[in-house]
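**Student:** have a look at this fold, sequence not included:
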């Protein structure tokens, strides 16, 4: 199984011998078979390689580069075929060594593997056409129509879905009119994926961040938490005394932080079992609940829900059974329709050890469904928004 270090080394090998413009398109032409092999266990081939490309360009201050990209579908097709052959060879070998195994089972087993591998590729939908009224306000930055760009990207994704050729999480998210706008320094930066220039992307991020300002913790509080984390790894008995160093604050945030840290001490120790890292429910009880619950206080209007609660917006869109979140906070008051305010999706370390992100798309869709439900039920207000928290190991 390939890892990112191998992929980065392979790309560096190409870039070091490239005398012209560096691009992903030229990289795949340089050694397509190796690139296809290194893509075998990638959950999202397109965005993963774009992330590697973007990281290399920035880390090495490359000026002579191009955004030209390879034929992603051809790469995906070749990857799937290779995995199918590998699976068939494995089953055939097992069959020849044991008379109790029928060789015909290779067909169904490999078919199952291929279906799993190409889950995203084989999505077939009846997606609604997005049309904007003439009076709809468009998102325009420096004469670049962002709204038009996203709609065209979605239309291309819908066509790919109908042909069974989706190759990235961004394409899959766009089917539900979701677009990932992440920091320019994030490894998963989607600037290249949507075909936008970096200066435009920076301004988009600034405009998105402005309404939802996140206040930093004080330096003293941050230092205290860092000391706690360091002691937890090397000098566990010191953790309790470090908690006492948390400064007082006007809004009571540190009181909740202190409660979280004390909960962690009560539930963990240097010789604690690692069994909880394997099962999602056990991991939630042992590692997530102690940390988050002090911040998830119930009130007369806010109710905390567990895995038995459906996301209201998801249930509304699907008509019957909606998605179930691992943890959520819901506005629940009198006869007013319930609204989901906070959604938490959790995966233990063992589930994300291979770099997969099984709940990323799920959480995005749950958040979008909740926003749509706000609007439908008359809660369309700038002061009401949904917060998503994705926990992938700890």
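**Tutor:** That came through fine. Small disclaimer: the values here were computed from a predicted structure and weren't measured. Residues are numbered from 1 along each chain as shown.

**Student:** contacts for the strand or helix carrying residue 172?
**Tutor:** With elements taken from DSSP states H and E, the one containing residue 172 is helix 169-174. Residues outside helix 169-174 that contact it (C-beta atoms under 8 Å, 6 or more residues apart in numbering): 43-44, 46-47, 120, 123, 150, 153-154, 156-157, 160-161, 166, 179-180, 190, 193-194, 357, 360-361, 364-365. (Glycine included, C-beta is placed from N, CA and C.)

**Student:** mind checking which of those residues are buried?
**Tutor:** Buried by 16 or more other C-beta atoms under 10 Å: 43-44, 46-47, 120, 123, 150, 153-154, 157, 160-161, 166, 179-180, 190, 193-194, 357, 360-361, 364-365, out of these.

**Student:** quick one: the strands in this structure?
**Tutor:** 140-141, 144-145, 302-305, 327-331, 339-347, 387-392 (DSSP state E).

**Student:** list the buried residues for the last one?
**Tutor:** Applying a neighbour-count criterion of 16+ other C-beta under 10 Å, the buried positions in strand 387-392 are 388-389, 391-392.

**Student:** re the thing from before, for residue 374, find the nearest of the strands of the chain.
**Tutor:** Set against residue 374 and scored by C-beta to C-beta, the strands of the chain come closest in strand 339-347, at 6.1 Å.

**Student:** give me the sheet partners of that closest one and which way each runs.
**Tutor:** Strands that pair with strand 339-347, judged by DSSP bridges, come out as strand 327-331 (antiparallel), strand 387-392 (parallel).

**Student:** burial of the nearest residue in space to residue 183 that is not next to it in sequence, as a residue count?
**Tutor:** With C-beta to C-beta, 6 or more residues apart in numbering as the criterion, residue 183 has its nearest non-adjacent residue at 6.2 Å, and that residue is residue 205. Residues lying near residue 205 (other C-beta atoms under 10 Å) number 18.

**Student:** repeat that for the one 5 residues further on.
**Tutor:** Applying other C-beta under 10 Å, we find 8 residues neighbouring residue 210.

**Student:** could you shift the numbering so residue one becomes 53, and keep it that way?
**Tutor:** Yep, numbering from 53; the last one is residue 262 now.

**Student:** where's it relative to residue 255, distance?
**Tutor:** Residue 262 is 11 Å from residue 255, where distance means C-beta to C-beta, to the nearest Å.

**Student:** helices of the stretch 153-302 of the chain, start to end?
**Tutor:** Listed in chain order, the helices of the stretch 153-302 of the chain (DSSP state H, counting those that start in this stretch) span 157-169, 198-215, 221-226, 250-261, 271-286, 291-295.

**Student:** deepest-packed of these, please.
**Tutor:** Greatest average neighbour count among the helices of the stretch 153-302 of the chain goes to helix 221-226 (a mean of 23), per mean count of other C-beta atoms under 10 Å.

**Student:** tell me the mean pLDDT for that one?
**Tutor:** For helix 221-226, mean pLDDT is 88.

**Student:** what of stretch 260-270?
**Tutor:** For stretch 260-270, the mean pLDDT works out to 84.

**Student:** ditto for stretch 112-120
**Tutor:** Across stretch 112-120, the average pLDDT comes to 85.

**Student:** how about stretch 79-98?
**Tutor:** 75.

**Student:** now stretch 337-355
**Tutor:** 84.

**Student:** endpoint to endpoint, it covers what distance?
**Tutor:** Using C-alpha to C-alpha, to the nearest Å, the end-to-end distance of stretch 337-355 comes out at 18 Å.

**Student:** just how off-centre is the helix holding residue 224 within its chain?
**Tutor:** On the basis of C-alpha atoms, centre = their mean, to the nearest Å, helix 221-226 sits 11 Å off its chain's mean C-alpha point.

**Student:** repeat that for stretch 253-271.
**Tutor:** The answer for stretch 253-271 is 20 Å, by C-alpha atoms, centre = their mean.

**Student:** okay, now the unreliable bits of the stretch 303-446 of the chain?
**Tutor:** 321-331, 371-372, 403-408, 446 (pLDDT under 70).

**Student:** picking up where we left off before, and the strands paired with strand 391-399: which comes nearest residue 296?
**Tutor:** strand 439-444 (27.5 Å).

**Student:** touching the closest one from outside, list them.
**Tutor:** 340, 344, 393-399, 403-404, 409, 411-412, 415-416, 418-419.

**Student:** report the buried members of those.
**Tutor:** 340, 344, 393-399, 403, 409, 411-412, 415-416, 418-419.

**Student:** quick one on the thing from earlier: mind checking the strands of the chain for the one nearest to residue 274?
**Tutor:** Closest approach to residue 274 among the strands of the chain (C-beta to C-beta): strand 439-444, 19.6 Å.

**Student:** any idea how far residue 224 is from residue 285?
**Tutor:** Separation of residue 285 from residue 224 (C-beta to C-beta) stands at 38 Å.

**Student:** same deal with residue 113?
**Tutor:** Distance of residue 113 to residue 224, given as C-beta to C-beta: 33 Å.

**Student:** just residue 389 next, same as before
**Tutor:** Residue 389 sits 29 Å away from residue 224, taking C-beta to C-beta as the criterion.

**Student:** and if you look at residue 106?
**Tutor:** Residue 106 is 20 Å from residue 224, by C-beta to C-beta.

**Student:** kindly report the same for residue 261.
**Tutor:** When residue 261 is compared with residue 224 (using C-beta to C-beta), they lie 25 Å apart.

**Student:** quick one: residues in contact with stretch 265-280.
**Tutor:** 291, 294-295, 297-299, 301, 305-306, 309, 313.

**Student:** what's the spacing between residue 270 and residue 207?
**Tutor:** Applying C-beta to C-beta, the value for residue 270 to residue 207 is 47 Å.

**Student:** before we move on, back to that, as CSV, the strands paired with strand 391-399 with distance to residue 76 would be great.
**Tutor:** Formatted as CSV, the strands paired with strand 391-399 follow (distance: least, C-beta to C-beta, whole Å):
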stretch, distance to residue 76
strand 379-383, 38
strand 439-444, 26
